[in-house]
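Q: Just the structure for this:
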Amino acid sequence: MAGAPPQKEAGFLTAFPMLLIPVAVYNLVALFHMFGNDPNSAYNGLEHILFQIPMPSAGTKWIVDMGDVVVFVGLIMLFFEMLKSTRSDSVAIVNHSLSMILFILCLVEFLLLRPFGTSVFFLLTTMTLLDVLAGFIVTIVTARKDFEFG
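A: Reported below is the predicted structural model:
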């Protein structure tokens with residue numbers, strides 16, 4: 001049947017924790033810079049200035065670095081994860097489980113690995129926690145409504 005494969009793809013995309021994307025980018029940047037001669041190079045990889053925009057206020061420049069972009073992408077992914085958390089099917093449960101694994105991984109990296117002890121990674125870890133909490137709370141509330149009306 002021609003309709004079956006798109007449903008599998010949609011199921012995979014629904015189950016995939018989108019916050020894995022900014023976490024993976026952070027991991028790649030941190031790991032590539034960790035093996036430099038400077039012990040702080042893993043931190044400096046995220047402070048690389050990407051661009052500057054002059055602001056209308058007295059010569060001020062808005063400086064955007066790699067860490068800012070990673071957090072921004074994380075916020076966009078968190079928005080999509082919040083939209084996905086409104087589902088209560090079995091694929092959503094897989095998504096919540098994978099999001100929990102991602103949160104645990106982020107928490108371990110934040111607490112134990114030096115390149116991950118930054119504000120940028122703390123914010124990413126907080127986003128993964130919010131994703132897990134929102135997913136489970138929405139699923140419980142939806143299941144309760146289904147039980148009351150069903």
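Q: got the CA coordinates for the helix or strand harbouring residue 80 in CSV?
A: Counting by DSSP states H and E, the element that carries residue 80 is helix 66-84. Extracted in CSV, the C-alpha atoms of helix 66-84 (Å, rounded to 0.1, in the frame of the first residue of the first chain):
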residue,chain,number,x,y,z
MET,A,66,28.5,29.9,18.3
GLY,A,67,27.0,29.3,21.8
ASP,A,68,24.3,31.8,21.1
VAL,A,69,23.4,30.1,17.9
VAL,A,70,23.3,26.7,19.6
VAL,A,71,20.9,28.0,22.3
PHE,A,72,18.7,29.7,19.6
VAL,A,73,18.5,26.4,17.6
GLY,A,74,17.7,24.6,20.9
LEU,A,75,14.8,27.0,21.6
ILE,A,76,13.4,26.4,18.1
MET,A,77,13.7,22.6,18.6
LEU,A,78,12.0,23.0,22.1
PHE,A,79,9.1,24.7,20.4
PHE,A,80,8.6,21.8,18.0
GLU,A,81,9.0,19.3,20.9
MET,A,82,6.2,21.1,22.8
LEU,A,83,4.0,20.8,19.7
LYS,A,84,4.8,17.1,19.5
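Q: Now do that helix: everything it contacts.
A: Residues from elsewhere that reach helix 66-84 (Cβ atoms under 8 Å, 6 or more residues apart in numbering): 14, 17-19, 21-23, 25-26, 29, 45-48, 50, 92, 95, 99, 118-120, 123-124, 127, 130-131, 134-135. For glycine as for every other residue, the C-beta is placed from the backbone atoms N, C-alpha and C.
Q: and those, which are buried?
A: Neighbour-count burial (16 or more other Cβ atoms under 10 Å) applied to those gives 17-19, 22-23, 25-26, 29, 45-46, 92, 95, 99, 118, 120, 124, 127, 130-131, 134-135.
Q: could you pull out the strands for the protein?
A: Using DSSP state E, the strands of the chain run over 49-54, 61-65.
Q: Which strands border the first one, and is each parallel or antiparallel?
A: Each strand pairing with strand 49-54, determined using DSSP bridges, is listed with its direction: strand 61-65 (antiparallel).
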